[in-house]
Every structure is written in C-alpha cells, then in structure tokens.
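J.: Mind folding the following:
(2 chains)
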Amino acid sequence: MQASRLKLLVGGVQLRDGVSTLTDILGRIFTRAGLHVIAMEKGYASTIYGAHQYDPMLVSAEPPLSYGDPVYDILVALEYDSNPDAPEQPNRDTVLRHGHHLRDGGILLYDASTGEIPTQALEARGVRVFPLPARKIAQGELRREIVKNVVMAGALFRLMEFDPELVYLRALVEERFARKGRDVVELNMRAAQRGREGIEEILREKGYTLDLRLEPQPREKRAVYISGNECLGIGAIQGGVRFYAGYPITPASSILEFMDQWLPRYGGRALQGQNERESIRAAIGASLAGVRAMVGSSGPGISLKVEEFGVIGATETPVVVVDAQRAGPSTGMPTRPEQGDLNLLIGGTHGDIPRIVLAPSTIEECYTLMLEACELADKYQCPVFFLTDLSLSEGKKTVLEDLFRRRVEVRRHGVLREAEVRGRTYRRYEITPSGISPRVFPGTPGAIFKASGAEHDEFGFVTIEPRKRTAMMDKRMRKLETYLREDAKGPYVFGETRGQPVLVGWGSTRPILQEAREILLRRGIPAALVHFTYVYPLPRHLVEPLFADAGPVVVVEQNYTGQFADLLQRELVIRTRRVLKYDGVPMHPTEVADAVQVALERGEEAVVRITSAVPVKVEVGRNGHEGG
Amino acid sequence: MDTKAAKIWEENAVPRHRIQWCPGCGDFGVLAALKQALAELEIVPHELLLVGGIGCSGQIRNYLNGNAFHGTHGGALAYALGAKMANPHLKVICLAGDGDTFAIGIENFVHVCRRDPDIVLLVMNNGVYGLTKGQDSPTAGLGREVEVWSEEHPPAVDPVLLALASEATFVAQSFSGDVKHTARMIAEAIQHPGFAFVNDFSPCVTYNKFNTYEWFREHVAYVPPDHDPTDKDAAYRLVREFAREGKVPLGVIYRNPRRHAAAHRLPMWEEELAEVNLEPILQTFR
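T.: Next up is the predicted model:
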C-alpha cells in the first residue's frame, strides 16, 4: 500500500541520542524526495542534556493543512539505557510516554542495545515491534558510536520502503562528510545498510509484512526544509533589515544565529547584545542612523525591552520587534509554545504609543508578513511587533521556494534627502494630516534634527506646554488611523459567519483551527473560522461586519485568560466563549473540535480548558503495566 | 575661538531653546568647551550626533547645534553604539551624567569600553542626581573622609579605574572650571580612534555642597608631562599616587588605540537594497 500520509515520532534522551539529528536528516531527505514534511510540535526541555526529547513529524504526498492529531504510524525510540526521568525503566521512556498514541497496527522501532522491553500490550493492538540494537551495531561492528542514528535512518527507510538503493541518503552523506574523507562517507553508508539488514532479519524472524510504502513524488519546483525563524530572517533581509540585535534566549536565539551567519553577506551587521536592553537600544540607534533595524527575543526578554517601546514610539524611530513567544510567566517553560504575550505587546509601556502587532499564521507567513512588517515600521515610524511562538520559531516545514520570489519593493517612506531639505526649515516632528513626519538621517547636509523621548515640539525641543503636548500626542496617535485606513488587513475568513458558530483564532494556530473546523463540519456543525494575523490595532471597519449577525463566537487561543478574546470583546463589544490551552503542548485539531463543541453547548461566556493527553508519562512500576 | 565658528554651534539651538541650568552650573563650562572643541576640529553640525542622557547634563544636546537623540536613563551609550555601527561616518558624542552612566547605565558603560566603538562619552560628573533634587549618585562622596560605611552610603565609584578595568582605550579627566583644558580633552577624545571617555567634574552648585568649585580647585592636579599614557601600569600608578596625595588627576590618563576591522556604512537606500540574491541562503536548506 502506498502511504500518502504518515506520522512518526522520534524520541530519546536530549543531546545524547540525537533525536533532532535524525529528524533533520529525515526532513531534508523527504523534502528532496518531493514529499511534504511538517515538524512543528517540538518536544524538548530547557536543559542541554538528559531530559526526554521527542520530535513528531508528518510526511505527506500532498501539502498537508496542519501537523494533525498526535496519532502515530511509527514510533522511534532512541534511548539505549536508563533515562534520568525513569531510572527503573531502561530504554522505555519514549514508549511509555508515547506508546498510547501509536495507532493500532502501527510500527515501533527501538534501540535494543541494552535489551528488549516488554511490548505485549502494543503487540496485542497489532503493533509490529522492531528491536534493533543500533548502538551496539555502531559501537561494535562499525566502531563508531556516532553512526547509530544513520543505522536507525536506514532501518526506518526500510520500514517505509523508501529509498531502497539509498540514493537520497548517499547524496546527503556525500554533502556532509565528503570533506572528512571517503572512509567517513562509506562508514555512514555501511551504517544505513546495516540498519536495513537489521530490519530484514527481524521481518524474517517475526514473519511481519510491511504495508507502508513512501513513494518519492515528482516535483518540478524546488523546496527547502526550513524553520519559521529562518523564514523570518530571510524576510527581514529581503525587507531591507541590515542591522539585527539580540540577546540569547529560547526560542529566538536561532534568529541571532541566522543573522550572524547571513547579514554580513548582505552588507549588514548582527550584534549579540550584552543584555536585552543593549540589543534594542543599539537597534534604535542604528535605525536613527538610517538603517532598517530589527530585534528578536522571547517573553522574558521582551519584558526587559518594554521601556524602549516608549522610546521608539515617542522618538518615532522604527524598529521591528520579534517576540517568539514561549510559555510564561517569569521563566515559565522556555521550550514550550504559548500565545501569552499579546497583552504585553498591545499594552506594554507607560503612556500611549502608536504600535502595530502582526502575528504570522504559518512558517510561510514568517517570510511574507515580515516583508510587510519592515515596510510598516518604516512608514509609520513606530514599533511593529512580530508575534510568533515556539512552534513557528523552531518548527520546520517543507516550503516551496516560489515563496521567496514574493517581494515587497523596499521603499524608504518619508525620508528626505539633501535636495529636499535644502533651503527649508526642517522640523523633525512636523504636524501632518497623516501623523507621519518626514525623517532625515544624520549626515544630511542642510537638516538638523533633535529627536527626543521627552515630550517635544515640532523641532524636537522639550516642552510641557499643554497645547503643544496635545498636538504632538494627537499627531503620533493619528498614525494609527492612517494605518487602519491604508494598510491594515482584515482576518482570514473560512465559511459564512452569518448565523453560524464562529471560531476565532490568531497567529500560529490557523492550520489547526482550519482542520478543527473541518472536523466540526463533518460532525454537522457549520462553523466558520475567522483568523487574525493583523492583530492590533484591529481594523474595526473590516471586522465588525463579520460579527454583526454571527452565531456564538468561540475564541481559541493558547493562554490562560483569553487575551485576544478580551481584545475582541473590548473592540467589538460582543460576548465570546473561549477555548484555552496553556499546558505547553501545541493544539491539535480533534481536541480543539471537541472543546469547541463543549463551548457551544455550555452557552454564553463558556470557558473550556484543554489539557493534552501527551506527553504526560504513564506512571509504571517495574512489575506493573507496560508501555502502550 | 573666532565668533563665526562659535555662531555655527548656536544655530538650531539658541535662542529656540532657553538654557535651563542653575546659574553657575558646571555644565555651562562643558557647553563652552564642547563648542570650542567642535569649532577647532572644524566638525560640521549635520555630521554630528549628540546622544543625551537623562538629567541636567543630557539637556546639553539641545543647547548646541547638531543632530540629537535622547532616550532612556542609562541608554545613551547603547543608542550611540548602534548608530555608529550603522554609519561610521557620523561623529557620535554621548553626553550623560554620573548617575546615568555609573548607576542605571553601568551595564552599557562596561561593555562599550570593551567593544570600543569610535564614539566619545563625556560624563558631566557632579556626584548627585540634580533633577530629582540631590540624591547621592555612585560618584557621591569623592574625597570625603568617612569612618563607618553603610550599605546605604557606599564608597564612590572611580570612573577612571572602572574604565581602565573595562578595557577602555582612551581615558581622560577634566574640570569644567578650566574650560580651555576641558576643550582640549574633548578634542583629543574626538580624535581618538575608538571609545574615548572623558570624566568631567562639573559641580552642581545647588545640591553638592561638598565637591564645590573651591573643593576641586584645591584638589585637582594636572597629569605630569612625563606620564606615558600608552602604559596601562603607569595609568593605574598615576591614579594611585594622586589618590595618596589626596589629588584628582586632570589630563589624558590612558590612551592606547586598538586595531579594528574596517567598518562601512550599512546599506540603507532603496538602490542599495533592491538587489537581494537569496540563492546562497536557500541552498543551505535544500
């Protein structure tokens, strides 16, 4: 049987077992083979070494809508001995945690180097179990422990009846290891071959047959296997950003690494700040000097930058601020996604400033919406917040390269050059109908500006005179009216909202909500979906008609209070029901559909909280039950 | 200083902005010295970026010509760092107070010393938070005899030693009561290729009743001509020896430029940003 859609999960001990090494190899190879991969439900811990790590991956012949429910066709367990979390259970951790999500008749592949584990319960459900001593093979026969993941990759390809001649694998191995010599390449190929043979032996021994065949798909267009942070980094470079600053923080560090690697090639610079504040201040300085500037961080770092939001707003110095959200408050759960920073970004700072909040809903939009963010910041001379979350930031996906042909021409909005200021009296904060005052960059002959975070007159000189203050505040805030009129975009709308239940979401959850809506439709509930990426300020003229005659409104988001629901209620004066999840696990379509149904039954102002069944460990004793 | 050159530095500032310092404020001397140095070096106002801190001292940015920026308390150096990295052709001068630099902004001071961008930091050091009516700053109590210390009132920070320990490449000290000398220190700082720190004693006549003009006149002494400013040990020694004598050294205490990678103005105009070839990046993700 040809498998058109297959979901697998690889688990093991963080750093030691190379979970992400293996899934990265798989993701790239499947992408090259014309398949579509989504691996956005990252399961790792905020430690370097030792915790349980898991990485689910959906592979599909057609582009899938979302990563789907946590139901796996194949479970791969890489642990080879006791896990610190489960010292009494050698090499069983992944099975114990995720076995119950393995579908009936699925496949379990595990490293049996330290012995076989009890799997009767799984086998009773028709699961075919493949105990492969990958580490033993790598250490013993191949004399290099490091190739154990390649043994596993070879085994996995055999189980999927994929790449029988190891053509794709060889190409990747050649690219990575040719520099290290032929023997390293051949060692890896032998390792993959040994993995295949190991599976053959087990097939013969146990008399299993295989029923999944993952066929490479013909594809004319090129594709990349890429994360959201990388996509938004490309977007920023394309969008003219040439100065980036960041302080290391999960899950925004990879933006800094990306920019550090690539910005200099495009004439730019990336600065690792000595703290969160130096980062954003340096970006403000660079922007002041004329360069498009961006910073990136996550919740705790964003909290530290709040003071500068006011500076950006008051001095009217554009900066794009990426917030790769993670579960808060405080340190929270650094490696878990959440949508909990909305209130901070729409409200953070003393006093009022104009600001724009965008939240991409897919890895692709991390690129396309970033182009918009760069333009909007430049045009409106205010902070533009780019709100992603860990699933988007660190999650990876097959993306067609056509995406990157989409460009927005970089326009330096309202920037005056020498010829335009010669002979006139330049006023940095000139009162204008749009609220936008033309800028000059220092170094422009004939123009001098005095920019200030203290309230100021049109020249930028400090003032506390009531009329000047009012005029300046009005001018700044008027930029948002201009924005709403000229640039704000309405939400995605799926289905008809009139008289029907309406699901509402924002940011990264769109694909999940689309799939949840389809489940509801199949269940006979004609729900519509309204999904926001232009989050703040809400374009009321575009949004209000959608909700005027709508049925019950159910806002689905990943935080405790329903921060977007609050915003929607405030802006539209409507009542919302809420489906909330904040356990640190990404949302899944079926649980969302179930919760929405409950919310619809419960009536007005219902709040339904979702807690995942994964990846909570099933507690077991040595002689107790077993995995599955 | 010829009056024409001086006049340039008054445009776009005076009389549009009335000076709001107390009569006799040490900052007046700094303002005069700053204008003098800028005129002497024939710097043009549009190439200058003055980054002001929060406090009486930061207001100086609006009292003379030149582009200016003013953000948060303690932030001046970091804004200046970014601006200079973006456009190395700018002359960037930070004008901040002692509270701004050595209390709330010390995180920037230490690291900017290490980073060594080609900018100037002129600290108007008066030992108090003047705008908020005279609380102690980290440099409060310079030269004061104290028998018993408390957590509330610790010894003063020595900005020179802090700069030396933070790997600054130019460290000078001046007293705004001597405008000519202050102007020379500022001019030398501007000419230094790298981060140049001038700690100027500019007395607060309203709130600092201890470190007054008279006190400084009694306690300052000029760095002797035989001092070798390129020798860091000599710099430390000089500070220690002056302290033993109960004196505060004025002059260039340390100057030793570091070699830097060549810097260029970052691309910023439409025409510089129009052609972006993403192929090298995409290649790594295939």
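
J.: From here on, just use CA atoms for contacts and neighbour counts.
T.: Fine.

J.: Start and end of stretch A:95-114, how far apart?
T.: 15 Å (C-alpha to C-alpha, to the nearest Å).

J.: next one: stretch A:156-167
T.: 15 Å.

J.: right, is that stretch up against chain B?
T.: No - using C-alpha under 8 Å from any C-alpha of the partner chain, stretch A:156-167 never reaches chain B; the gap is at least 15.6 Å.

J.: tell me which residues in that stretch are buried?
T.: Neighbour-count burial for stretch A:156-167 flags A:156, A:157, A:158, A:159, A:160, A:161, A:162, A:163, A:166 (criterion: 16 or more other C-alpha atoms under 10 Å in any protein chain shown).

J.: Return the list of helices and strands in contact with the helix or strand harbouring the third one.
T.: Assignment of secondary structure by DSSP states H and E places residue A:158 within helix A:148-159. Using 3 or more C-alpha pairs under 8 Å, 6 or more residues apart in numbering or on different chains; DSSP states H and E as the contact test, the elements touching helix A:148-159 are helix A:19-32, helix A:134-136, helix A:182-206.

J.: Chain B: which of those helices is closest?
T.: Chain B sits nearest to helix A:19-32 of all these, at 6.8 Å, using C-alpha to the nearest C-alpha.

J.: Restrict that closest one to CA atoms and write it as PDB.
T.: Output of helix A:19-32 as PDB, limited to C-alpha atoms (Å, rounded to 0.1, in the frame of the first residue of the first chain):
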ATOM      1  CA  VAL A  19      16.700  13.000  18.100                       C
ATOM      2  CA  SER A  20      16.800  16.200  16.100                       C
ATOM      3  CA  THR A  21      19.900  14.900  14.100                       C
ATOM      4  CA  LEU A  22      17.700  12.100  12.900                       C
ATOM      5  CA  THR A  23      14.600  14.100  12.200                       C
ATOM      6  CA  ASP A  24      16.600  16.700  10.400                       C
ATOM      7  CA  ILE A  25      18.100  14.000   8.100                       C
ATOM      8  CA  LEU A  26      14.600  12.700   7.600                       C
ATOM      9  CA  GLY A  27      13.000  16.100   6.900                       C
ATOM     10  CA  ARG A  28      15.600  17.000   4.400                       C
ATOM     11  CA  ILE A  29      15.500  13.700   2.600                       C
ATOM     12  CA  PHE A  30      11.700  13.600   2.400                       C
ATOM     13  CA  THR A  31      11.700  17.200   1.100                       C
ATOM     14  CA  ARG A  32      14.200  16.300  -1.600                       C
END
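
J.: who does the strand or helix carrying residue B:93 pair up with?
T.: Using DSSP H and E, residue B:93 falls within strand B:91-97. Each strand that pairs with strand B:91-97, with its direction, by DSSP bridges: strand B:48-52 (parallel), strand B:120-125 (parallel).

J.: what sits up against the longest helix along chain B?
T.: Taking DSSP state H as the criterion, chain B has its longest helix at helix B:26-40. With C-alpha atoms under 8 Å, 6 or more residues apart in numbering or on different chains as the test, helix B:26-40 has contacts from B:1, B:5-6, B:9, B:21, B:57, B:60, B:63-64, B:124, B:176-180, B:182-184, B:186-187, B:200-205.

J.: So which of those residues sit within helices?
T.: Residues of those located in helices (DSSP H): B:5, B:6, B:179, B:180, B:182, B:183, B:184, B:186, B:187.

J.: about what we covered before: so which of the helices and strands packed on helix A:148-159 has the densest surroundings on average?
T.: The highest mean neighbour count among these belongs to helix A:134-136 (a mean of 24), with neighbours defined as mean count of other C-alpha atoms under 10 Å in any protein chain shown.

J.: For that one, give the mean pLDDT please.
T.: Averaged across helix A:134-136, the pLDDT comes to 94.

J.: go on, stretch B:110-128?
T.: Rounded mean pLDDT across stretch B:110-128 is 98.

J.: Same check on stretch A:443-457?
T.: Averaging pLDDT along stretch A:443-457 yields 95.

J.: Report the distance from it to the chain centre.
T.: 39 Å (C-alpha atoms, centre = their mean, to the nearest Å).

J.: Render the CA-only coordinates of it in PDB, please.
T.: Provided in PDB are the C-alpha atoms of stretch A:443-457 (Å, rounded to 0.1, in the frame of the first residue of the first chain):
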ATOM      1  CA  GLY A 443      24.600  63.400   7.900                       C
ATOM      2  CA  THR A 444      22.100  65.000   5.600                       C
ATOM      3  CA  PRO A 445      23.500  68.500   4.800                       C
ATOM      4  CA  GLY A 446      21.000  71.200   5.400                       C
ATOM      5  CA  ALA A 447      19.000  69.400   8.000                       C
ATOM      6  CA  ILE A 448      19.400  69.000  11.700                       C
ATOM      7  CA  PHE A 449      17.000  67.000  13.900                       C
ATOM      8  CA  LYS A 450      16.600  66.900  17.600                       C
ATOM      9  CA  ALA A 451      14.800  63.600  18.500                       C
ATOM     10  CA  SER A 452      13.600  63.100  22.000                       C
ATOM     11  CA  GLY A 453      11.700  60.700  24.200                       C
ATOM     12  CA  ALA A 454      10.700  63.600  26.300                       C
ATOM     13  CA  GLU A 455       7.600  65.400  25.000                       C
ATOM     14  CA  HIS A 456       8.700  67.800  22.400                       C
ATOM     15  CA  ASP A 457       7.600  70.400  19.900                       C
END
